[in-house]
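Peer 1: task: produce atomic coordinates for the following.
(one chain, ligands or ions: 1)
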Amino acid sequence: MALLDLKYYGDPILRKETHSVKEFDSELERFAQDMIETMTTNIGVGLAAPQVDDLRSLIIIDVSSEEDEEEENLEPFILVNPDIIELSGNCVIEEGCLSIPEVRVEVERPEEIRVIYQDIKGNKKDLKCDGILARVIQHEVDHLRGRLMIDYLSSVKRDLLKSKLQKISRGEIPAGV
Ligand SMILES: [Zn+2]
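Peer 2: Below is the predicted model:
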């Protein structure tokens, strides 16, 4: 396995639309494993392919450190071509993003989702979830559409982050990240 280079706020790839995965081969499996290693090393709960400079529709989720015991899906898992087809409820949760280090923002999103996706072998899956898992999936699916968590902020709140964001886009990534 290999660690992949993370792309940070200001990199144009984070604003691009991804394309769906059609080839479910060993290269895809290797890429997904590299993404898991990269996410784990950087202590993230989710990672989307554009964050490692790849425009395939693929996200990795690992909420095992965040979820309470009764939740399922505690292993890192891979969602290929995810599509959120149902949304309900509403809640505010603080989010972070590996591409926007040291920035945490409260974001309001639907509380429960239903997502259809394919696993790493191409098998079709259908998942209903809520809580942190639903939250992380929504954040990562946004990455596949070129959307970032700060897009949800009011202009006033975004202004408060301006100097931090400018530093990140100039490549001044905080130490230890
Ligand atoms: Zn993110």
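Peer 1: which residues of the chain score low on pLDDT?
Peer 2: Across the chain, the ranges flagged by pLDDT under 70 are 67-74, 175-177.
Peer 1: mind doing that once more with 90?
Peer 2: Scanning the chain for pLDDT under 90 picks out 1-2, 63-76, 172-177.
Peer 1: quick one: the residue of it most remote from its centre from E108, how far?
Peer 2: Most distant residue from the mean C-alpha position of the chain: V156, 24.7 Å away (C-alpha atoms, centre = their mean). Per C-beta to C-beta, to the nearest Å, V156 is found 15 Å from E108. In short, each C-beta sits where N, CA and C put it, glycine included.
Peer 1: and what of L148?
Peer 2: Using C-beta to C-beta, L148 is found at 15 Å from E108.
Peer 1: next: Q33.
Peer 2: 34 Å.
Peer 1: what about these two, which has more around it?
Peer 2: The residue with more neighbours, out of Q33 and E108, is Q33; 16 against 10, by other C-beta atoms under 10 Å.
Peer 1: the more buried one against A2, yeah?
Peer 2: No: with contacts counted by C-beta atoms under 8 Å, Q33 stays clear of A2, the gap being 9.0 Å.
Peer 1: run the chain-centre distance for the helix ranked longest in the chain.
Peer 2: Assignment by DSSP state H gives helix 26-41 as the longest helix of the chain. Computed by C-alpha atoms, centre = their mean, to the nearest Å, the chain-centroid distance of helix 26-41 equals 14 Å.
Peer 1: now do it: everything it contacts.
Peer 2: Contacts of helix 26-41 with the rest of the structure, by C-beta atoms under 8 Å, 6 or more residues apart in numbering, involve 1-4, 6, 21, 45-47, 49, 52, 54, 56, 58, 60, 62, 76, 78, 80, 98, 120.
Peer 1: please redo it, this time with the cut-off set to 10 Å
Peer 2: 1-6, 21-22, 25, 44-49, 51-52, 54, 56, 58-62, 75-80, 98, 119-122 (C-beta atoms under 10 Å, 6 or more residues apart in numbering).
Peer 1: filter those residues down to the buried ones.
Peer 2: Among the contacts of helix 26-41, those that count as buried by neighbour count (16 or more other C-beta atoms under 10 Å) are 4, 6, 21, 44-49, 51-52, 54, 56, 58-62, 76-80, 98, 120.
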